[in-house]
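1. Any chance you can model this:
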Amino acid sequence: MSALLPRTHHCGELRAAHADQTVALQGWAHLVRDNGGVIFVVLRDKSGTVQVTVDERAAAEVWEQARKVRLEYVVQVQGVVVERQPGMANKDMATGAVEVLPTVLTVLNGTRPLPFAIGGKAAEASEEVRLKHRYIDLRRPELQEKLFLRSRTALSVRSFLSGRGFTEVETPVLTKSTPEGARDYLVPSRVHPGQFYALPQSPQIFKQLLMVAGFDRYFQIAKCFRDEDLRADRQPEFTQIDMELSFVTSDMVIELCSDMIRHVWREALGHEVGDIQRMTYAEAMARFGVDAPDLRFGLEHSTLDWSGTSFGVVGSALAAGGICKVMVVPGAAESTSRKTLDEYTAFVKRYRLGGLLWGKVSGDPSLAASWSGPLSKVELALLAQIPGVADGDLVLVGAGPKAHVHAGLGRLRPHIARQRGLVPEGAFRFCWVTDFPAFEWDEDNGRWVAMHHPFTSPVAAHIPWLGTEKMGEILSDAYDIVCNGYEIGGGSIRIHDSEVQSKVFAALGLSPEDAQAKFGFLLDALQFGAPPHGGLAMGFDRWIMLLAGTENIREVIAFPKTTSAQDIMSDAPNVVDEKQLRELHVATVVPAPPAAEPS
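-> Numbering: from 1, shown residues only. Down below sits the predicted model:
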């Protein structure tokens, strides 16, 4: 085994100022080129690359080792830094003004044939192959930079919050299963047969208890777990910037967190966020159809009063208590084909909207002859309600149950914006969404559920409505922070009065016995001088996804899961030994195979 040299520099640090210095470097052979009389080895470590040149000045033993080097071999070099000749600098490398002439070159380790290239062709490998060999994928400089950004951002968050009087406290990972919306990941107890821990969906109850305990300002960068269906911006285990504060109003929390966002975006990207606008949940739904609107482009919605229309589809939808909304796509009439319109219709149907009415405008929109498509059959007086429509525009109308219209048009809006290139590169548009409904009706189970969680305080004036026919009108003292169409954080002022908390549990259908069994320790704690308090959790992975300019959250997590919640590198989850299961008092139930089709 070769002796390891003490490293003096990282590869990417070398500049003209280091000329004539003797350096010792270690790294991977990023590029190897043998020109017969000269061997070029581009050496890479986490800091970048530098060229090592083996020519007639090198000793025989250096040549012998250099001829062994292949891509991704682990190599160490000791040599002298020299400036390249005028006109020979490599402008594509940060270290391109210099090269290293080695006096020692040693192969420290070789490699099997790589499953994919580390350089530019890595993207040609499937994500499955790259995740299977994640330790190789992580060598890619562009992926490493995302994780360096993650590290710098975590440090920036800690610095900001520590400077604002927060104490970092770690809360338990093995805790009690409580209903918080998603399914829990359960851990069987060996010493308590038949009983289970749950991995925390959030530190919610514990951070409230820290306020009762008098810590005043708490935070942690917490690992959380939810067993839910995955997508590009969601993982089963995720990280959040979790915080809680005593003696605060929602305005105070919003202002502090806005300052933290400004601080992080400035330090990470040099980007000045500026003022962050606010809008109510009702306004967001009316204008954008979703409670996490992307404000980087237009295509806003308008609600139409077409109750008097003779157009059957709309009239029947409104008569049944639904709504009618419109979205105008400027200048899209001529460039939108019938095939694309059919694709838009199929798209909104995925969100339970029955379909779309469309119209193309060619000429003065106040003239019936200027309209084509299904909307040409709608009364001209009703078409006049559509704001901002002009010659050459495409008009899309949806009618039906409120939730379906909002969801269909709300999801179609960014789809069209991306399709038509309306989303500006490198832009960040933030907004706070406030005044959420406290409860929503669960059609599947026929009961009220908390829109955020059951510890969110209703606004004071609406507390008497708990358990009455006005449940659907109760607003919460909650707030979400949105960036570029992603909810990147959410929180609320909490209930600090045990009687109000008990009333909320009762309104949600929890008996006093169930409430005590599930949340007894919190209800007890609230009776021991709990201060008014509130807080927020920021989705740290989504923050990094936005800062790094990617839409795939797996790109900013070192060892992510696939959309089927698997780690295909370590082969998790996997089958465990029956002995382990017996020790945990657990039996597996294997689903029966589907019945054979009759012949």
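2. which residues touch Ala417?
-> 294, 296-297, 299, 423 (CB atoms under 8 Å, 6 or more residues apart in numbering). The C-beta positions use only the backbone N, C-alpha and C, and glycine is treated the same way.
3. quick check, it in a strand?
-> No. Counting by DSSP: H, G, I helix; E, B strand; the rest coil, Ala417 is not part of a strand but helix.
4. Report pLDDT for Ala595.
-> pLDDT for Ala595: 67.
5. one step back: are any of the contacts of Ala417 buried, and which?
-> Applying a neighbour-count criterion of 16 or more other CB atoms under 10 Å, the buried members of the contacts of Ala417 are 294, 296-297, 299.
6. my guess is Ser564 meets Arg231, correct?
-> No. Using CB atoms under 8 Å, Ser564 makes no contact with Arg231, being 11.6 Å away.
7. ok so, going back, from the buried ones among the contacts of Ala417, which two are the most distant?
-> Arg296 and Leu299 (10.6 Å; CB to CB).
8. In contact with Leu71, which residues?
-> By CB under 8 Å, 6+ apart, the residues touching Leu71 are 29-32, 111, 114, 117-118.
9. Tell me the secondary structure at it.
-> coil.
10. do the same with Leu161
-> helix.
11. try the one 4 residues further on
-> Using three-state DSSP, the secondary structure recorded for Gly165 is coil.
12. show me what contacts it?
-> 216-217.
13. And for Phe455?
-> Contacts of Phe455 by CB under 8 Å, 6+ apart are 204-205, 208, 492, 494-495, 501, 522.
14. picking up where we left off before, a markdown table for the buried ones among the contacts of Ala417, including pLDDT and secondary structure?
-> Formatted as a markdown table, those follow (pLDDT from 0 to 100; DSSP: H, G, I helix; E, B strand; the rest coil):
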| residue | pLDDT | secondary structure |
| --- | --- | --- |
| Asp294 | 98 | coil |
| Arg296 | 98 | coil |
| Phe297 | 97 | coil |
| Leu299 | 97 | coil |
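15. Let me know the closest of those residues to Asn574.
-> Asp294 (39.4 Å).
16. right, and the closest one touches Cys431 too?
-> No. Asp294 is not in contact with Cys431 according to CB under 8 Å; the separation is 9.8 Å.
17. where does the spatially closest residue to Pro365 that is not a sequence neighbour land on pLDDT?
-> Excluding the flanking residues, the one nearest Pro365 by CB to CB, 6 or more residues apart in numbering is Val389, at 4.9 Å. Val389 is assigned 96 on the pLDDT scale.
18. Just confirm Ala41 is within a strand.
-> Ala isn't right for residue 41; it's Val. Yes. With three-state DSSP as the criterion, Val41 is located in a strand.
19. Which residues does the nearest residue to it once chain neighbours are set aside form beta bridges with?
-> Distances taken as CB to CB, 6+ apart place Val52 nearest to Val41, at 4.4 Å, with adjacent residues excluded. Val52 has these beta-bridge partners by DSSP bridges: Val41, Val100.
20. so what's Val52 up against?
-> 25, 40-43, 77, 79, 99-100, 102, 105.
21. Now with 7 Å, please.
-> Applying CB atoms under 7 Å, 6 or more residues apart in numbering to Val52 gives the contacts 41, 43, 77, 99-100, 102.
22. Regarding Val32, what are the backbone dihedral angles?
-> Note on Val32: backbone dihedrals following degrees, to the nearest 10 are phi -130, psi 130.
23. That one pairs with what?
-> Val41.
24. Numbering from 21 from now on, please.
-> Sure, I'll start counting at 21 from here, so that last one is Val52.
25. what about it, distance to Gln439?
-> Noted for Val52: a distance of 43 Å to Gln439, by CB to CB, to the nearest Å.
26. Got the phi and psi for the residue nearest to Pro385?
-> phi -80, psi 140.
27. That one: neighbour count?
-> Per other CB atoms under 10 Å, the neighbour tally for Val409 reads 22.
28. Which residues are in contact with it?
-> By CB under 7 Å, 6+ apart, the contact list for Val409 reads 348, 381, 385, 415.
29. Not including adjacent chain positions, what is the nearest residue to the last one?
-> The spatially closest residue to Val415, leaving aside those adjacent along the chain, is Gly379, at 4.5 Å (CB to CB, 6+ apart).
30. Helix or strand for the one you found, just tell me which one.
-> strand 377-381 (DSSP states H and E).
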